[in-house]
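[1] next one to model:
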Amino acid sequence: MVSPPSEGARPSTPTTADIRRWRRYLADEKAEGAVYRQLAARRTGEEREILLGLADAEKRHEQHWLDLLGDQAGRPLRADPRTRFLGVLARSFGSVFVLALAQRAESRSPYANDPDATSGMAADEQVHEEVVRSLAERGRMRLSGSFRAAVFGANDGLVSNLSLILGVGASGVAPHVILLTGIAGLLAGALSMGAGEYVSVRSQRELLEASAPNPAIGRVLPDLDVNANELALLYRARGMGEDESIRHAAEVLGGRAPETRPTGIESHTAVGTGWGAAVASFCFFASGAIVPILPYAFGLTGWVAVAVAAGLVGIALLGTGAIVGLLSGASPVRRALRQLAIGFGAAAVTYLLGLLFGTTLG
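    I've put the predicted structure just below:
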């Protein structure tokens, strides 16, 4: 048996608790390495190489615990439930959600406070967290636009229509009026969201098109007066300093440098089409707004309908909040509860206002 490294005064014979802890670490390292290999199998190029490198690092950690255990390694244990669940997701999906969960798993490493783990292993785990965070960030950037629209649209539909039907219902109107109000709120809100997104995307595209440089500029460069040099004015308008613009213009006209777009104007990514954004926003809002009217559509009334509507919306808010938490690398429970509190807070205010108006009008 190999004694723990750098232990000095600690006894060379490990306790039963030590053996149990080391075997648990061994099982977790094996499972984490398998997760990275499964993720790598779904990727190509640089991301695949990075994930395989992480798997190799987990293999080194695994060997450390095997060396400590020696002939007491015994039969392999099962990894903890969170790591096993992560393995299932990696085999089935391999998405940014799995990377976000792996990031949280790396952040929970106990090696920094364990005397039997080397300082190098503790440092490895911290670096692993940053590596996985960077990989997840690539996916987050790809998802950011559509994901923001989906979460914003669905949550807007959930909260606004729940608030609407609770406020109207609190005023004492008949159940069929509440249902019609909810349907009207769904259609009005979804159409408003779609129209707003269409205008927003079209305006953004038109603004970017107006800001883009004329590609024909390069063809007229040979005809410019070298002494007057209007090209320097162009570069100054684009953000270059006076001396730099004169120098760069001279290089371009002298044939030593290509005509380039200076860093004063940043490149832009595609912003999508107006109609695509409008349809997506309409659907996202409608998918959320339909949830609170389902109890009334199936004939429920009174407090039963209110309770079911609030319960369904609460479950949906918890789900979207948890997804936001996972993607952001934060606690999904905390984000879910925050989403629930905000949504129910808005609905409660509207309900109280409905009670107030109902009492006043009655």
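
[2] past the helix or strand encompassing residue 65, which element shows up next along the chain?
    Residue 65 is part of helix 45-69, with elements assigned from DSSP states H and E. Elements were assigned by DSSP H and E; along the chain past helix 45-69, the next helix or strand is helix 81-92.

[3] list the buried ones in that following helix?
    For helix 81-92, the buried set under the neighbour-count rule, 16 or more other CB atoms under 10 Å, comprises 83, 86-87, 89-90. (C-beta placed from N, C-alpha, C; glycine too.)

[4] show me how the protein divides into domains.
    What the record gives for the chain is the domain set 16-140, 143-208+278-361, 214-253, from automatic domain parsing.

[5] is it possible to export the ones you listed to a markdown table including mean pLDDT?
    A markdown table is the format used below for the domains of the chain (pLDDT from 0 to 100):
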| stretch | mean pLDDT |
| --- | --- |
| domain 16-140 | 83 |
| domain 143-208+278-361 | 84 |
| domain 214-253 | 61 |
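
[6] tell me how many other residues crowd the nearest residue to residue 99 once chain neighbours are set aside.
    Using CB to CB, 6 or more residues apart in numbering and skipping residues adjacent in sequence, the residue nearest residue 99 is residue 136, 3.9 Å away. Under the neighbour criterion other CB atoms under 10 Å, residue 136 is assigned a count of 23.

[7] just checking, what packs against the helix or strand hosting residue 136?
    Following DSSP H and E, one finds residue 136 within helix 119-170. Secondary-structure packing of helix 119-170 (3 or more CB pairs under 8 Å, 6 or more residues apart in numbering; DSSP states H and E): helix 45-69, helix 96-107, helix 175-211, helix 274-289, helix 302-328, helix 332-361.

[8] list the contacts of the first one.
    If I follow you right, that is helix 45-69. Residues from elsewhere that reach helix 45-69, judged by CB atoms under 8 Å, 6 or more residues apart in numbering: 1-4, 14, 19, 22-23, 25-26, 29-30, 32-34, 36-37, 39-40, 43, 73, 116-118, 121, 124, 128, 131-132, 135, 138.

[9] hmm, try it at 7 Å
    With contact meaning CB atoms under 7 Å, 6 or more residues apart in numbering, helix 45-69 is reached by 2, 4, 19, 22-23, 25-26, 29-30, 32-33, 36-37, 39-40, 43, 73, 116, 118, 121, 124, 128, 131, 135.

[10] pull out the buried residues from it.
    For helix 45-69, a neighbour-count test (16+ other CB under 10 Å) marks 47, 50-52, 54-55, 57-58, 61-62, 64-65, 68-69 as buried.
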